[in-house]
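Student: Just the structure for this:
(one chain, ligands or ions: 1)
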Amino acid sequence: MSAEPMLEAMDVVHRYGLVTALANVSLTAGRGEFLTILGSSGSGKTTLLRVISGLEMPKSVRRLRIGGVDVAGLPPSKRSCTTVFQSYALFPHMSVIENVMYGLRIRNVNREEATRAARQALAMVQLEHKGDRRIAQLSGGERQRVALARAVVTRPSILLLDEPLGALDERLRQDMQLELVQLQRSLGMTFVYITHSQEEALTMSDRVVLMSHGRIVQSGAPLDLFDRPGSRFAAEFMGYENILPGTLRGQDRGYAVVDLPGGVQVRGVAMDAASQPGAAVAVAVRAERLSPGANGPAVSNVLPATLTNKLYRGKYTDLTVATAAGSMRLRRWENTPLGETISSVTWKAEDCVVLAASDKS
Ligand SMILES: Nc1ncnc2c1ncn2[C@@H]1O[C@H](COP(=O)(O)OP(=O)(O)OP(=O)(O)O)[C@@H](O)[C@H]1O
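Tutor: Next up is the predicted model:
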């Protein structure tokens with residue numbers, strides 16, 4: 001990746017009437033980067049993509065560059081980016097290969113050259129033998145592959161993907177996730193990908209940008225967001241099953257020390273430097289990081305607990321325990337013995353984060 005970003009969108013503001021869809025969002029993407037914009041419905045993801053592609057003119061933007069070129073005043077056709085939609089947006093009256101050639105033909109590429117490039121693009125998505133088919137004769141996954149081939153055949157600097165796998169069933173979605181990443185790597189193209197699925201964001205991206213209410217809440221490598229959410233909202237969105245209320249006592253050996261209800265102290269990684277002793281905080285830890293029993297390592301958190309529920313889910317078992325700090329969920333991957341009793345739960349300080357109790361945004 002070169003140092004100059006392929007995409008720079010700085011201080012983007014957009015409103016629809018009274019609704020603020022983007023409240024000062026700044027985003028960059030490197031050359032060859034797979035950047036994912038993650039967020040729940042209405043967080044502003046699609047609006048941001050539409051601003052980048054030129055389908056929406058923002059209320060204000062300080063800088064909007066693609067490949068170093070200022071595109072803020074340019075129409076969509078003059079920006080070196082293409083969008084792939086969940087709905088495919090293919091032409092039903094054209095064959096597969098004609099669909100893929102379309103973008104080249106309107107750019108006056110001659111038929112021979114356009115056919116050659118379209119065949120190559122179809123080969124990239126394993127559809128080289130289906131070029132003569134009509135769109136109606138393809139499955140959902142195949143249609144999405146045609147849409148991808150059509151988008152990459154013109155070699156845009158950036159491919160924008162708006163929930164492209166949203167219409168596919170779970171199995172196919174997983175296969176296509178893998179194919180998309182392989183395609184992106186082999187082309188070395190910058191992908192900006194929208195999803196509301198944290199699992200999809202984590203498996204595919206070089207970097208994830210988490211949005212809420214028209215703002216960027218956190219951005220980082222998938223592992224950062226997974227293990228080090230910076231706010232209660234991010235922890236909830238990233239699927240933390242256990243978020244306990246507590247009071248910050250202070251710091252000890254690099255960890256935040258927290259008093260939980262019931263008089264137990266636990267330690268965790270401090271994510272909010274501004275919190276002072278006495279502040280209300282939240283302790284977040286994933287179900288799979290908890291162990292039953294008190295045999296943890298030296299720096300470990302131990303809470304007395306009693307088992308209240310056990311749910312066998314095939315690959316794993318979800319346990320619910322009651323503690324003085326509230327109910328907690330544990331996930332166990334090995335078979336648990338029948339009639340098992342639990343007297344405590346334990347986890348490592350480095351496996352939990354200590355967050356401000358409520359988000360400022
Ligand atoms: N054309 C429009 N007119 C009025 N309000 C709009 C319009 N498009 C989007 N909005 C509003 O702007 C906000 C952001 O919408 P946007 O579509 O960007 O969110 P999103 O994160 O892409 O959501 P989804 O995942 O549901 O597509 C929402 O409150 C939405 O209701």
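Student: Any idea what the nearest residue to Ser275 once chain neighbours are set aside is bridged to?
Tutor: With Cβ to Cβ, 6 or more residues apart in numbering as the criterion, Ser275 has its nearest non-adjacent residue at 5.2 Å, and that residue is Leu248. The C-beta positions use only the backbone N, C-alpha and C, and glycine is treated the same way. Taking DSSP bridges, one finds Val258 as the beta-bridge partners of Leu248.
Student: Give me the neighbour count for Leu248.
Tutor: When neighbours are counted by other Cβ atoms under 10 Å, Leu248 registers 22.
Student: try Gln174
Tutor: Gln174 is flanked by 15 other residues according to other Cβ under 10 Å.
Student: which residues pair with the nearest residue to Val61 once chain neighbours are set aside across the strands?
Tutor: Leaving aside its chain neighbours, Val61 sits nearest to Val12 (4.8 Å; criterion: Cβ to Cβ, 6+ apart). With DSSP bridges as the criterion, Val12 is bridged to Val25.
Student: Val12 and Ser26 touch, don't they?
Tutor: Yes - in this structure, Val12 is within contact of Ser26 by Cβ atoms under 8 Å, at 7.2 Å.
Student: neighbour count winner among these two?
Tutor: It is Val12, of Val12 and Ser26, that has more neighbours when counted by other Cβ under 10 Å, with 26 against 14.
Student: State the distance from the more buried one to Thr341.
Tutor: 55 Å (Cβ to Cβ, to the nearest Å).
Student: likewise Glu56?
Tutor: Distance of Glu56 to Thr341, given as Cβ to Cβ: 58 Å.
Student: Neighbour count for these two, which is higher?
Tutor: It is Glu56, of Glu56 and Thr341, that has more neighbours when counted by other Cβ under 10 Å, with 18 against 8.
Student: so what's that one closest to, chain neighbours aside?
Tutor: In space, and not counting its chain neighbours, Glu56 is closest to Arg50: 3.8 Å by Cβ to Cβ, 6+ apart.
Student: Would you mark the buried spots in stretch 162-181?
Tutor: 162-168, 173, 176-177, 179-181 (16 or more other Cβ atoms under 10 Å).
Student: Could I get the residues you listed in a markdown table, plus columns for secondary structure, pLDDT and distance to the ligand?
Tutor: Listed next are the buried residues of stretch 162-181 as a markdown table, based on DSSP: H, G, I helix; E, B strand; the rest coil; pLDDT from 0 to 100; distance: Cβ to the nearest ligand atom, whole Å:
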| residue | secondary structure | pLDDT | distance to the ligand |
| --- | --- | --- | --- |
| Asp162 | strand | 94 | 8 |
| Glu163 | coil | 92 | 7 |
| Pro164 | coil | 89 | 13 |
| Leu165 | coil | 88 | 13 |
| Gly166 | coil | 84 | 9 |
| Ala167 | coil | 79 | 13 |
| Leu168 | coil | 80 | 16 |
| Arg173 | helix | 86 | 16 |
| Met176 | helix | 86 | 19 |
| Gln177 | helix | 91 | 18 |
| Glu179 | helix | 87 | 23 |
| Leu180 | helix | 90 | 18 |
| Val181 | helix | 94 | 21 |
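Student: of all those residues, which two lie farthest apart?
Tutor: Spatial extent of the buried residues of stretch 162-181 (Cβ to Cβ) is set by the pair Ala167 and Val181 at 19.1 Å.
Student: What parts of the stretch 1-150 of the chain come near the ligand?
Tutor: Within reach of the ligand by Cβ under 6 Å from any ligand atom, the stretch 1-150 of the chain has these residues: 16, 19, 21, 39, 41-47.
Student: These: which two are farthest apart?
Tutor: Tyr16 and Gly39 (16.7 Å).
Student: Neighbour count: these two, which is higher?
Tutor: For Tyr16 versus Gly39, neighbours defined as other Cβ under 10 Å are more numerous around Gly39 (24 against 10).
Student: What count of nearby residues applies to the residue nearest to the more buried one when sequence neighbours are not counted?
Tutor: Closest residue in space to Gly39, ignoring its immediate chain neighbours: Met211 at 3.6 Å, by Cβ to Cβ, 6+ apart. By the measure other Cβ under 10 Å, the count of residues near Met211 is 26.
Student: Within the sheet, what are the partner strands of the helix or strand harbouring Met211, with directions?
Tutor: Counting by DSSP states H and E, the element that carries Met211 is strand 207-212. Strand 207-212 sits in its sheet next to strand 34-39 (parallel), strand 215-220 (antiparallel), going by DSSP bridges.
Student: highest average neighbour count across these?
Tutor: Among the strands paired with strand 207-212, the stretch with the highest mean neighbour count (mean count of other Cβ atoms under 10 Å) is strand 34-39, at a mean of 25.
Student: What average pLDDT does that one get?
Tutor: Strand 34-39 shows a mean pLDDT of 97.
Student: Can you name the element that comes right after that strand?
Tutor: Following strand 34-39 in sequence, per DSSP H and E, is helix 45-53.
Student: Which elements pack onto that next one?
Tutor: On a contact count with 3 or more Cβ pairs under 8 Å, 6 or more residues apart in numbering; DSSP states H and E, helix 45-53 meets strand 7-16, strand 19-29, strand 34-39, strand 63-66, strand 81-85, strand 158-162, strand 190-195.
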